[in-house]
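*Asks:* Give me a model of this one.
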Amino acid sequence: MGVKQVARPAKAAKASCDDCFFRARMLCALELDDACVTFRPDHPEGLRPPRQMRFEFRQERSTKAAWAFPTAAEQAALHSA
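*Replies:* Have a look, this model is predicted:
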């Protein structure tokens, strides 16, 4: 039996300050070799917001709660002695 090879995506090019929107428009005051945390790619149409994760609703798995507060009558029975 052989080992199954898994296709891996190609590595993305490493971001550099020269590719940054802020550096291209001389808005960056940092002198770094690598891109900083505020790096945004420079696009011809201008600055774009970073991609956000997709929000997906999950289906409710059960209709009955796993735990619930006791009713008023049950609480009264617990505390009266």
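*Asks:* do you know how far the spatially most central residue of the chain is from Ala29?
*Replies:* Centre of the chain computed as the mean C-alpha position; nearest residue by C-alpha atoms, centre = their mean is Met53, 5.3 Å away. For Met53, the distance to Ala29 (C-beta to C-beta, to the nearest Å) stands at 30 Å. (Each C-beta comes from the backbone N, C-alpha and C, glycine too.)
*Asks:* what do you get for Lys14?
*Replies:* Lys14 sits 22 Å away from Ala29, taking C-beta to C-beta as the criterion.
*Asks:* Is it correct that Ala73 falls within a helix?
*Replies:* Yes: checked against DSSP: H, G, I helix; E, B strand; the rest coil, Ala73 lies within a helix.
*Asks:* Next one: it, what pLDDT does it get?
*Replies:* If you check Ala73, the pLDDT there is 90.
*Asks:* hang on, Cys36 packs against Leu30?
*Replies:* Yes: if you go by C-beta atoms under 8 Å, Cys36 and Leu30 touch, sitting 5.8 Å apart.
*Asks:* Touching both of these two, which residues are there?
*Replies:* Common neighbours of Cys36 and Leu30, using C-beta atoms under 8 Å, 6 or more residues apart in numbering, are Cys17.
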